[in-house]
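Colleague: need coordinates for the following:
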Amino acid sequence: MYLKKSSWLLWLACGCIFLLVSVVVGISVGSLSIPFHSSMNVLWTAVWPKEMPADISPTHAAIILDIRLPRVLLAALVGASLALAGAAFQGLLKNPLADPYTLGVSSGSALGAVIVLFFGLSLPLLGSFTLPVISIFSGFLTLLGLLGFVRFIEKTLSTETIILAGIIVSSFLGSLISLVIALTGDELRQIISWLMGSVSMRGWDYIWLILPFFIVGAVLLFANRKELNALVFGEETAKTLGVDTDKRRIIILAGASLLTGAAVSVSGTIGFVGLVVPHLVRLLVGPNHQLLLPMSMFAGSGFLVLTDLAARTIIAPTELPIGVITAVIGAPVFGMLLFQQRRTKTR
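Modeller: You can find the predicted model right below:
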C-alpha cells in the first residue's frame, strides 16, 4: 500500500506532534513534577535565547536544562537512530524480522565497550569518551569484517548471504561478550548495567558525540530512499531501473550500521526499538521509504523518550534499565503482530 503524497504532510505533522508531546512530557514528569507551560517556556527560551520569564522557577529551569532535557534529547536521538536503522535493514534485507542487531554491528559495538570497561581503558585526548569512540570504531570494524567475509564467499552481496553471515558474526561476538563477563570481577555490575541500556547521567557531551554520527547516517539513508524502494522488489528489478545494487547496498549498510554503532556507544544495548517501531509504522503508512524513514525516525524518538520516562518513574526513585522496558513492551507487541499477520495469511 502506497499512500498518496497528499497524505504525507498529515502523517509527518502527526509524527512531529507526537515527538514534541513526548519531549514535553519527558521533561515535565519525574520525581519533581513541572507544569507543562513552564516546560514549554524553558524549551522556547533554550531554542530562542532570551531572558527567562519571571514566573519560571530557577530550580525548575536548572532541572530541565541541565538534567532532563539532555537525557530526553539523548533518548530521542538513540530511538531515532535505532528505528531508522531498523527500517533500512528490514527494507534492504526484505525481512520484517531484521533489526539493527541482524548484522552483528551492535554486538561489535557492545564488545568494544565491554573491553573498555573490563580493562579500564582511557585513551589520551579522549578521556571519558574512550568508551563511546571505541564502541563506534569496533562497530565499523564489524561491518567491514562482515562485508569482507561475504565478498570472500561470493562476488555478489546477496541478501541471503548477508543475513546468514550477520547471524554468524553476531553469535560469535555475543560469545566473546559472555566470555569477558565470565572473567569479570569487580567490573561485573558496571558491564551488566551498561549492557541493559540506559540514557541516564550522560549529559550534553554525549549528545554532541552522537549528533554528527546521527546526521551522517540519516543523510546516507535519506539520500538512498528511492534506491531502497527499488531494492525491496529484488536485485534484478533494481538493476533494470538503473540502480548499482552492490554500491547502494554498501552505502545503506554503512549508514544503518553507523546509526546503530553510535546509538549503542552512548546508551548500551537497547533491543526491539529497531524491530517493532518500523514494523508498526510500515503497517500505518505503507512500505514507501520516502515516508517510512522519517515516520520511523519520529516514532522511534518519541517511543524511547516515553520508555525512558517509564523506566525512571515506575518504581521511583529506583530506575529500571531502559533495555528491559523496551523488551517487556516490544516482545509481546511484535508477537501479537506476527500472530495476526500469519492468521490473516492462512485465511
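
Colleague: the most centrally placed residue in the chain: what's it in contact with?
Modeller: Nearest to the centroid of the C-alpha atoms of the chain, with distances taken as Cα atoms, centre = their mean, sits L82, at 1.8 Å. Counting by Cβ atoms under 8 Å, 6 or more residues apart in numbering, L82 touches P100, L259, T260, A263, I270, V273, G274, V277, G300, L304. Every C-beta, even on glycine, is put in place using the N, C-alpha and C of the backbone.

Colleague: run a quick neighbour tally on T161.
Modeller: 15 (other Cβ atoms under 10 Å).

Colleague: got the contacts of L82 as a markdown table, with pLDDT and secondary structure columns?
Modeller: Formatted as a markdown table, the contacts of L82 follow (pLDDT from 0 to 100; DSSP: H, G, I helix; E, B strand; the rest coil):
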| residue | pLDDT | secondary structure |
| --- | --- | --- |
| P100 | 80 | coil |
| L259 | 92 | helix |
| T260 | 90 | helix |
| A263 | 92 | helix |
| I270 | 90 | coil |
| V273 | 91 | helix |
| G274 | 89 | helix |
| V277 | 93 | helix |
| G300 | 96 | helix |
| L304 | 96 | helix |
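
Colleague: related to what we said a few turns ago, for the residue nearest to the centre of the chain, give me the pLDDT.
Modeller: L82 carries a pLDDT value of 95.

Colleague: and T45, how far from F172?
Modeller: Noted for T45: a distance of 50 Å to F172, by Cβ to Cβ, to the nearest Å.

Colleague: more neighbours: which of those two?
Modeller: T45 (17 against 12).

Colleague: just to confirm, which helix or strand has that one in it?
Modeller: helix 36-47 (DSSP states H and E).

Colleague: list of residues touching the helix or strand following that helix?
Modeller: Counting by DSSP H and E, the element after helix 36-47 in chain order, helix or strand, is helix 58-63. Contacts to helix 58-63, defined as Cβ under 8 Å, 6+ apart, come from residues L32, I34, S38, V42, M52.

Colleague: show me where the stretch 101-250 of the chain has its helices.
Modeller: 105-119, 130-153, 159-183, 188-196, 204-223, 225-232, 235-240, 245-267 (DSSP state H, counting those that start in this stretch).

Colleague: and P332, which of those is closest to it?
Modeller: Closest approach to P332 among these (Cβ to Cβ): helix 188-196, 18.8 Å.

Colleague: could you list the buried residues of the closest one?
Modeller: I191, W194, L195, M196 (16 or more other Cβ atoms under 10 Å).

Colleague: S257 against G104, yeah?
Modeller: No: contact criterion Cβ atoms under 8 Å: S257 and G104 do not qualify, at 9.5 Å.

Colleague: what do those two both touch?
Modeller: Joint contacts of S257 and G104 (Cβ under 8 Å, 6+ apart) are T142.

Colleague: T237 and G112, how far apart?
Modeller: To G112, T237 is 38 Å away according to Cβ to Cβ.

Colleague: neighbour-wise, which of the contacts of helix 58-63 leads?
Modeller: The contacts of helix 58-63, ranked by neighbours (other Cβ under 10 Å): first place V42, 25 neighbours.

Colleague: sweet, I'm off.
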